[in-house]
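> Structure for this input, please:
(4 chains)
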There are 2 protein chains.
Amino acid sequence: MKPDQAVDKLAALAQVTRLRIFRLLVQAGPGGMNASAIAEAVDIAPSSLSFHIAHLSRAGLVAPRQEGRYIFYSADFAAMDELIAYLTDNCCQGGQCLPRTAAVATTAKRRAKAA
Amino acid sequence: MKPDQAVDKLAALAQVTRLRIFRLLVQAGPGGMNASAIAEAVDIAPSSLSFHIAHLSRAGLVAPRQEGRYIFYSADFAAMDELIAYLTDNCCQGGQCLPRTAAVATTAKRRAKAA
DNA sequence: TCGACGTTTCAACAAGTATTGAATTGTTGC
DNA sequence: GCAACAATTCAATACTTGTTGAAACGTCGA
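Predicted coordinates:
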């Protein structure tokens, strides 16, 4: 992942409303939720939801799916995984660091180790 | 972790310069680096570094350590781990989701599963 | 086709953020 | 003590972001 992409994703999550939306969708699972249901769940105006979900979508953290006149949004779990891998990349120059962080083994890291 | 704390950490990382600083420190390991060395490595003015590192420090992502007239900063790996756990918390209502994200097992998650 | 509903776009404003040079604080070694 | 150096604070400026209501766009069911 390029630094700019990581920044986009982090910036998308670095806002209370958007973080609530994202976590809501993470918990909702692959099925996702439609726009107005999300707006109601996090208690914001429809236009605010549009603004924020567009932000998350641009960052590649959520994906829209049209279904009739509803638009369902769901979290992109793979993107999340890649972001986490980026943040913990080359931790302590590949050596063992503190026990807790060493335990964070994302798919990307395990791939790298296997290669 | 409280939502506001998560937002603080994410906002701290959601900026090119600060992300570079943080990753530099993650890679530097527990020993960390002193302020001017960091400023030189990421090529910014000392005052800019102060601004950004204070941001990271306030968010609890890096910790300062005075050593003579130098101040060494190092990444707080535990804080990082907690942030990651927060983001993937209750993924798909605890059920299995996509294979890749399911693989992200932070210490906090494993603790929760054991309990 | 028309009214109703879900969603997005727009305009405007308030609030927050990044950057820099200059000034300041604090520590070291002579 | 004092000069040299490490680091932070300050002030000023340009820029970005969040919020909202009103208007517009699309899709559906009757």
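
> Can you tell me the closest non-neighbouring residue to A:Asp89?
In space, and not counting its chain neighbours, A:Asp89 is closest to B:Arg23: 7.0 Å by Cβ to Cβ, 6 or more residues apart in numbering or on different chains. Quick note: C-beta positions are derived from backbone N, CA and C, even for glycine.

> wouldn't that neighbour be in contact with A:Cys91 here?
No - the pair B:Arg23 / A:Cys91 is not scored as a contact, 9.5 Å apart, by Cβ atoms under 8 Å.

> where does chain A have low pLDDT?
A:90, A:92-115 (pLDDT under 70).

> Where do the helices of it begin and end?
For chain A, the helices defined by DSSP state H cover A:3-13, A:16-28, A:35-42, A:46-58, A:77-87, A:99-102, A:107-114.

> what angle separates the second one from helix A:46-58?
Orientation of helix A:16-28 against helix A:46-58 (axes from the mean of the first three to the mean of the last three Cα atoms, to 10 degrees) gives an angle of 70 degrees.

> got the residues of chain A near DNA strand C?
A:34-37, A:39, A:46-47, A:49-51, A:53-54, A:64, A:69-71 (Cβ under 7 Å from any atom of the strand).

> And the residues you listed, which of them are buried?
Neighbour-count burial (16 or more other Cβ atoms under 10 Å in any protein chain shown) is assigned, among those, to A:34-35, A:37, A:39, A:49, A:53, A:64, A:71.

> so how far is B:Val16 from the spatially closest residue to A:Ala41 that is not a sequence neighbour?
Counting by Cβ to Cβ, 6+ apart, A:Ala41 lies nearest to A:Leu24, which is 5.9 Å off, once chain neighbours are set aside. Per Cβ to Cβ, to the nearest Å, A:Leu24 is found 28 Å from B:Val16.

> For the residues of chain A next to DNA strand C, work out which two are farthest apart.
Greatest spatial distance among these (Cβ to Cβ): A:Phe51 and A:Arg69, at 20.4 Å.
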